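[1] Give the three-dimensional model of this entry:
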Amino acid sequence: MASTARTGLGEESAKAVYDRLKNDRVPYETRAENCAKVTIPSLFPKTSDNASTDYTTPWQAVGARGLNNLSAKVMLALFPLQSWMKLKVSEWQAKQLVTDPEQLAIVDQGLGMVERIMMSFMEANSYRVTLFELIRQLALAGNGCLHLPQPDASSTGYNPMKLYPLSSYVVQRDSFGNVLQIVTLDKVAYAALPEDVRNSLADFGDKKPDEEVEVYTHVYLDDESGDFLSYQEVDGEEVDGTDGQYPPDAVPWIAVRWTKRDGENYGRSHCEEYLGDLTSLENLHESMIKFSMIASKIVGLVNPNGMTQVRRLTKAQTGDFVAGRKQDIEFLQLEKTADFTVAKSVADAIESRLAYVFMLNSAVRRSGERVTAEEIRYVASELEDTLGGVYSILSQELQLPLVRILLNQLQATSQIPDMPKEAVEPTVSTGLEALGRGQDLDKLTQFFNGLQAIAPLMQDPDINMSNLKIRLANAIGMDTAGLLLTDADKAKRQAEQMVAQGGQAAAQGLGAGVAAQATASPENMQSAMDTAGIQAGPIG
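    Numbering: from 1, shown residues only. Model (predicted):
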């Protein structure tokens, strides 16, 4: 076990920091448990629950369906199947390093190769599975923590990321929301621990091979170096060989929030914002289902002084005749239809509101026989716009850190070439309207459509077409380097064309002279034909 004295945020042991910061986490856990009761109870279990716990199923499925649907759509918006990241060279750095626009295109081609390598690495290690579970945790509990283990340079084996739910980690942030320290809790079987760790734990008594041992991982900001330091701790003792040091933009632990609250260490969830409607719908559905069960019970009332005999009625077959009076028998009815209608209308209104906030497809379509596709696209885009703030937070706290960590790890293992940090800038795209690299194609398409629109103005002497094309590209947000010819490029191309045209004219003049000389006399014609290997023949 290590005995290095730590300072600053690392003075306390990892377990002590975890126990101290756990009190600040309790209210967020309570709210997450309340949200789980009306959506998916097994998604955020209590600390006392285990694999044999039988969770109570909610009376309605709107919460569970909405949570899964919202998570799937956010997953599609943040991590589509095509590339959602883009590495680009800083425009200022590019103009300083490369003067030829064609070289910039070659640099972009190399960066595109790096993007494909990173996407292949994520797919090969099943990042998408863990990311979807993270988004479900964010929508329900508002918080989650990812750990990206360092890949082994000598091995290309399976290296997935790990997700810590809110109940398995604590985090402390400064007033700006920057992470100061994170402590994660893992419960590992005693037999899975390294041999030196097991030997050190032997002093605390014998442990069974399947007995769980708590392993704490402490990641904190070092105020002296400005880097993040990490180590692991078991039973209050630091484990040798587990310490690490990372720059701030390459810490392989990412604490993610659904929404940001100033001064709070944790975020709030999407379900928490609509917990009132979810709880009301749960209670209404419980009442209506119980009412329906009572109302569906068939009970017949018989006049005790009547002449109709119940025994004969129960024995009678279909089509039989039984002596009796119709007035002697009446079936019990609750006569609560009006009350049930009120509850049903309120439940329908709540369900409609929840369908909008959870982006269910049923909310997109209006009631009608003919609903156009344009209506669906328009309303769907409005629903997606409501999550614009969530996209902004997740792009800064999830997507960008993920790209930076992968860049650092893959460069360290020589799976991608080293790139200068000051020159290469990773960017990400979010939202269903900006699925990955499709933005670039849309900009090019808009630019060429704009050129076609202004083509009739080419003959207008009052319009500077070169300036108009540059303004059109700037309005779309395109870099015109290498796309539009400069004055120097035009002069160079014109000179090349003049040289080519001059050589062609000279060749044509030389050929005409030779032909004239060959046809000046029959002897010259015959000599030219013999030289070319042509034999004369009759015409016709």
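
[2] what are the ranges of the strands in the stretch 201-350 of the chain?
    Along the stretch 201-350 of the chain, counting by DSSP state E, counting those that start in this stretch, strands occupy 212-221, 228-234, 237-238, 244-246, 253-257, 300-302, 329-331.

[3] Nearest to Phe79, out of those?
    With distances scored as C-beta to C-beta, the stretch of those nearest to Phe79 is strand 253-257 (13.2 Å). Just so you know, the C-beta spots here come from the backbone N, C-alpha and C atoms, and that holds for glycine as well.

[4] From Ser466, how far out is Lys490?
    For Lys490, the distance to Ser466 (C-beta to C-beta, to the nearest Å) stands at 9 Å.

[5] Rebuild the strands of the stretch 201-350 of the chain as JSON lines, extending it with distance to Tyr356, mean pLDDT and mean neighbour count.
    Below are these laid out as JSON lines (distance: least, C-beta to C-beta, whole Å; pLDDT from 0 to 100; neighbours: other C-beta atoms under 10 Å):
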{"stretch": "strand 212-221", "distance to Tyr356": "39", "mean pLDDT": "93", "mean neighbour count": "21"}
{"stretch": "strand 228-234", "distance to Tyr356": "41", "mean pLDDT": "93", "mean neighbour count": "22"}
{"stretch": "strand 237-238", "distance to Tyr356": "51", "mean pLDDT": "86", "mean neighbour count": "18"}
{"stretch": "strand 244-246", "distance to Tyr356": "42", "mean pLDDT": "93", "mean neighbour count": "15"}
{"stretch": "strand 253-257", "distance to Tyr356": "23", "mean pLDDT": "96", "mean neighbour count": "23"}
{"stretch": "strand 300-302", "distance to Tyr356": "46", "mean pLDDT": "89", "mean neighbour count": "12"}
{"stretch": "strand 329-331", "distance to Tyr356": "42", "mean pLDDT": "89", "mean neighbour count": "11"}
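
[6] Format those as CSV; extra columns: distance to Ser280.
    Compiled in CSV, the strands of the stretch 201-350 of the chain are given as follows (distance: least, C-beta to C-beta, whole Å):
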stretch, distance to Ser280
strand 212-221, 40
strand 228-234, 44
strand 237-238, 50
strand 244-246, 47
strand 253-257, 27
strand 300-302, 36
strand 329-331, 33
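
[7] Out of the ones you listed, which is closest to Gly66?
    Nearest to Gly66, of all the strands of the stretch 201-350 of the chain, is strand 253-257, at 20.3 Å by C-beta to C-beta.

[8] what's the burial count for the nearest residue to Glu351 once chain neighbours are set aside?
    The shortest distance from Glu351 to any non-neighbouring residue, by C-beta to C-beta, 6 or more residues apart in numbering, is to Val62 (5.6 Å). Val62 sits with 22 neighbouring residues when counted by other C-beta atoms under 10 Å.

[9] And Val62, how close does it get to Ala124?
    37 Å.

[10] from what I can see Glu422 touches Val89, true?
    No - shown here, Glu422 and Val89 do not form a contact pair, counting by C-beta atoms under 8 Å, at 10.4 Å.

[11] tell me the SS of Val171?
    Look at Val171: counting by DSSP: H, G, I helix; E, B strand; the rest coil, its state is strand.

[12] circling back to that earlier point, out of the strands of the stretch 201-350 of the chain, flag the one nearest Ile454.
    With C-beta to C-beta, the closest approach to Ile454 among the strands of the stretch 201-350 of the chain belongs to strand 253-257: 45.7 Å.

[13] Could you list every helix and strand that that closest one packs against?
    helix 127-141, strand 143-147, strand 179-189, helix 400-412 (3 or more C-beta pairs under 8 Å, 6 or more residues apart in numbering; DSSP states H and E).

[14] Just give me the residue right at the centre of this structure.
    What sits nearest the mean C-alpha location of the chain, by C-alpha atoms, centre = their mean, is Leu78, with 2.6 Å.

[15] related to what we said a few turns ago, settle it for me: which of Glu422 and Val89 has more neighbours?
    Relative neighbour count places Val89 above the other of Glu422 and Val89, with 20 against 8, counting by other C-beta under 10 Å.

[16] Let me know whether Pro417 touches Ile117 as I believe.
    No - Pro417 is not in contact with Ile117 according to C-beta under 8 Å; the separation is 9.8 Å.

[17] quick one, which of these two is more surrounded?
    Comparing Pro417 with Ile117 by other C-beta under 10 Å, the one with more neighbours is Ile117, at 15 against 11.

[18] and the gap between that one and Asp152?
    Here the criterion is C-beta to C-beta. By it, Ile117 lies 17 Å from Asp152.

[19] Quick check: pLDDT value at Gln504.
    Looking at Gln504, its pLDDT stands at 68.

[20] whoops, Gly511 was the one
    55.

[21] Check the one 3 residues further on too.
    Looking at Val514, its pLDDT reads 50.

[22] How about Leu9?
    At Leu9 the predicted local confidence, pLDDT, stands at 89.

[23] is it true that it touches Leu180?
    Yes - counting by C-beta under 8 Å, Leu9 does reach Leu180; the two are 6.4 Å apart.

[24] in stretch 284-300, what's buried?
    Across stretch 284-300, burial judged by 16 or more other C-beta atoms under 10 Å covers 284-285, 288, 291.

[25] Looking at the helices and strands packed on strand 253-257, which is nearest to Val197?
    strand 179-189 (9.6 Å).

[26] count of residues packed around Lys187?
    Neighbours around Lys187, by other C-beta under 10 Å: 9.

[27] three-state assignment of Lys86?
    What three-state DSSP gives for Lys86 is strand.

[28] How about it: which residues does it bridge to?
    Beta-bridge pairing of Lys86 under DSSP bridges involves Thr427.

[29] Which pLDDT does the model give it?
    81.

[30] Give me the distance from the one helix or strand Gly389 maps to to the chain's centre.
    Using DSSP states H and E, Gly389 maps to helix 388-394. Centre-to-centre, helix 388-394 and its host chain are 11 Å apart (C-alpha atoms, centre = their mean, to the nearest Å).

[31] pLDDT weak spots in the stretch 401-540 of the chain?
    Judged against pLDDT under 70, the low-scoring parts of the stretch 401-540 of the chain cover residues 429-440, 479, 481, 503-540.

[32] re the thing from before, can you check which residues contact both of Leu9 and Leu180?
    Here Leu9 and Leu180 have 220-221 as joint contacts, going by C-beta atoms under 8 Å, 6 or more residues apart in numbering.

[33] where does the closest residue to Glu12 other than its chain neighbours land in three-state SS?
    Closest residue to Glu12 apart from its sequence neighbours, by C-beta to C-beta, 6+ apart: Arg20 at 7.5 Å. Classification of Arg20 using three-state DSSP returns helix.

[34] Which pLDDT value belongs to Met307?
    Met307 is assigned a pLDDT of 89 by the prediction.

[35] give the contact list for it.
    Contacts for Met307 were tallied using C-beta under 8 Å, 6+ apart; they are 323-325, 328.

[36] do the same with Leu134
    Residues in contact with Leu134 (C-beta under 8 Å, 6+ apart) are 144, 146, 163, 256, 398.

[37] Looking at these, state which has the most neighbours.
    Gly144 (27 neighbours).

[38] From Gly10, how far out is the residue nearest to that residue when sequence neighbours are not counted?
    Among residues not flanking Gly144 along the chain, Gln137 sits closest, at 4.3 Å (C-beta to C-beta, 6+ apart). Gln137 sits at a distance of 28 Å from Gly10 (criterion: C-beta to C-beta).
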